[in-house]
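Student: here is my input; please provide its structure:
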Amino acid sequence: QVQLVESGGGLVQPGGSLRLSCTASGSIFSSLAMGWYRQAPGKQREVVASIFRGGTTNYADSVTARFTISRDNAKNTVYLQMNSLKPEDTAVYYCNAGYSLRGHYVPDEYWGQGTQVTVSS
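Tutor: Predicted coordinates:
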């Protein structure tokens, strides 16, 4: 069983930055692959970024070069640094604990409660 708690969302102007955090408990964090997802109103949840236990990262095309995922195993925390934010980045952001399979991130059943990110002037 894994519990995930996100924080760091808020309202930011276009071009601004935010850093989301997700702290995990209940499992050996360093053994987990972690992912960030987002869901905008009326849209399906989509993967934004993932990081495997060895540090390999992957990003959705829409956020490459703007977002950075990282992890601190000593703090059981995964981060999502979001720069150059656009209105289309507005969504509820969720973190997920999953695993890697043949180089791809596979989400497991463990999700955080979500944190709202709103990009607007």
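
Student: what about G55, neighbour count?
Tutor: Other residues near G55 come to 9 when the count uses other C-beta atoms under 10 Å. The way it works is simple: take the backbone N, C-alpha and C, and place the C-beta from them, glycine included.

Student: from I69, how far out is it?
Tutor: Distance of G55 to I69, given as C-beta to C-beta, to the nearest Å: 10 Å.

Student: so S50 is in which element?
Tutor: strand 46-51 (DSSP states H and E).

Student: for that strand, list every residue counted as buried.
Tutor: Residues of strand 46-51 classed as buried: V47, V48, A49, S50, I51 (neighbour count, 16 or more other C-beta atoms under 10 Å).

Student: could you point out which of those is nearest to A24?
Tutor: I51 (12.5 Å; C-beta to C-beta).

Student: buried ones in stretch 64-74?
Tutor: For stretch 64-74, using 16+ other C-beta under 10 Å, the buried residues are F67, T68, I69, R71.

Student: phi and psi next, for P14.
Tutor: phi -50, psi 140 (degrees, to the nearest 10).

Student: correct me if wrong: it contacts S121.
Tutor: Yes. In terms of C-beta atoms under 8 Å, P14 counts as a neighbour of S121; the distance is 5.9 Å.

Student: so between the two, which is more surrounded?
Tutor: The neighbour comparison of P14 against S121 (other C-beta under 10 Å) goes to P14, with 13 against 8.

Student: what sits against that one?
Tutor: P14 makes contacts with L85, K86, P87, V119, S120, S121, as judged by C-beta atoms under 8 Å, 6 or more residues apart in numbering.
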